[in-house]
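*Asks:* I'll drop the sequence and a predicted model, then ask my questions.
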Amino acid sequence: MSSKIFAISTSEKKGMRKANVDSAILKVDHGIVGDAHADNWHRQVSLLAKESIKKMQDLGLDVGPGDFAENITTEGIELVTLPIGTRLKVGNGVIIRISQIGKECHNRCAIYYQAGDCVMPREGVFAEVLTGGEIKTNDKIEVLKDD
């Protein structure tokens, strides 16, 4: 199976679940236009695999894309195996670079309290936007080889 975008999610404010959208504009050194987490820092865009969300669903949680505050839910790519610095081509030319794997959760989220666990701190990855443009659900994701 080829790797692709399963869902795109955004929110106007931090601390809330993200809503699914059909497409988004990624801006260089910023992230997704209109998303609360976008800024000129190393965590401009967050990604989580559909397969990671399924682990939480298998624990009985009613969760889906965007519920972990990720911007891009992927399918068919093992995000956590990609080293920091890996470049991904998304859709028709958007390029992002993995800048962080996992994160420290300072406050336990609602998902943690429901399940006693949350996958985002271990399996979520963050990226910087190197080449901007529009991405859409079902766009192909390709790991770029170093030149």
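*Replies:* Cool, got the structure. Numbering: from 1, shown residues only.

*Asks:* residue contacts, the closest residue to Ser11 other than its chain neighbours?
*Replies:* What sits nearest to Ser11 in space, not counting adjacent residues and going by CB to CB, 6 or more residues apart in numbering, is Lys18, at 4.4 Å. For the C-beta atoms, the positions are set from N, CA and C on the backbone; glycine is no exception. With contact set as CB atoms under 8 Å, 6 or more residues apart in numbering, Lys18 has these partners: Ser9, Thr10, Ser11, Asp35, Gly66, Asp67, Ala69, Glu70, Asn71.

*Asks:* look up phi and psi at Lys18.
*Replies:* Main-chain dihedrals, Lys18, degrees, to the nearest 10: phi -90, psi 150.

*Asks:* and for Asn40?
*Replies:* Dihedral pair for Asn40: phi -80, psi 80, per degrees, to the nearest 10.

*Asks:* from Gly93, how far out is it?
*Replies:* To Gly93, Asn40 is 21 Å away according to CB to CB, to the nearest Å.

*Asks:* next: Ile8.
*Replies:* In terms of CB to CB, Ile8 sits 16 Å off from Gly93.

*Asks:* the two: who's more crowded?
*Replies:* The residue with more neighbours, out of Ile8 and Gly93, is Ile8; 24 against 11, by other CB atoms under 10 Å.

*Asks:* beta partners of that one?
*Replies:* As for beta bridges, Ile8 partners with Val21, Ile72 under DSSP bridges.

*Asks:* so it makes contact with Ile72?
*Replies:* Yes. Counting by CB atoms under 8 Å, Ile8 does reach Ile72; the two are 5.9 Å apart.

*Asks:* now do the shared contacts for these two.
*Replies:* Contact criterion CB under 8 Å, 6+ apart; residues shared by Ile8 and Ile72: Ile135.

*Asks:* specify the helix with the largest residue count in this protein.
*Replies:* The longest helix of the chain (DSSP state H) is helix 50-58.

*Asks:* tell me the buried residues in it?
*Replies:* Residues Lys50, Glu51, Ser52, Ile53, Met56 are the ones in helix 50-58 that count as buried (16 or more other CB atoms under 10 Å).

*Asks:* identify the residue spatially nearest to the second one, adjacent ones excluded.
*Replies:* Once flanking residues are discounted, Glu51 sits nearest to Glu75: 7.5 Å by CB to CB, 6+ apart.
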